[in-house]
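*Asks:* what follows is a protein structure lacking sequence information:
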């Protein structure tokens, strides 16, 4: 199946690419896709940070930070899902929407309007990179905590496609 990609740059100078299947809606509106989409597929994993510094007393200070997980709020009212970073950057973060999104006039004035989300013209998606940092001076590592860097965008679902589900 052919596809198009939408790349969203994050504040950490990395990017997340959402792979969107091409459908008939592609010819009508460049930012729509079916409910079986989005899938974080070709995300660029932020480079882990490593730094060593010799302190005045001769000890070596080591500092590291890496993205361990990628929480995603898909915008359809379901709770946030925190994916292991390896899954997201390997193309394994997927989500299926149950309802298409439509502008208000379509929801109220078109016979297919009841098949639309009751209030959204597009789903508000938020993708976060959860950075974990740690340091040491020759001994055990001390965890500094987690810092989240997020990017948000809207995702228009213009077509409903059935999904096979295991019994």
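*Replies:* Arrived safely, thanks for sending. Source: prediction; values computed, not measured. Numbers count the residues shown, from 1 in each chain.
*Asks:* paired strands for the longest strand seen in the chain, with orientation please.
*Replies:* The strand that spans the most residues within the chain, counting by DSSP state E, is strand 142-159. When pairing is defined by DSSP bridges, strand 142-159 lines up against strand 32-34 (parallel), strand 123-136 (antiparallel).
*Asks:* A helix includes residue 108, no?
*Replies:* Yes - according to DSSP: H, G, I helix; E, B strand; the rest coil, the state of residue 108 is that of a helix.
*Asks:* let me see the ranges of the helices in this structure.
*Replies:* Remark: helices assigned in the chain by DSSP state H are 24-28, 85-89, 104-109.
*Asks:* rank those helices by pLDDT, which is bottom?
*Replies:* Lowest mean pLDDT within these: helix 24-28, at a mean of 36.
*Asks:* tell me, what's the model's pLDDT at residue 154?
*Replies:* Looking at residue 154, its pLDDT reads 86.
*Asks:* what's the closest non-adjacent residue to it?
*Replies:* Spatial nearest neighbour of residue 154, excluding adjacent residues (C-beta to C-beta, 6 or more residues apart in numbering): residue 122 at 3.8 Å. The C-beta positions use only the backbone N, C-alpha and C, and glycine is treated the same way.
*Asks:* and the one you found, its phi and psi?
*Replies:* Per-residue torsions, residue 122: phi -160, psi 150 (degrees, to the nearest 10).
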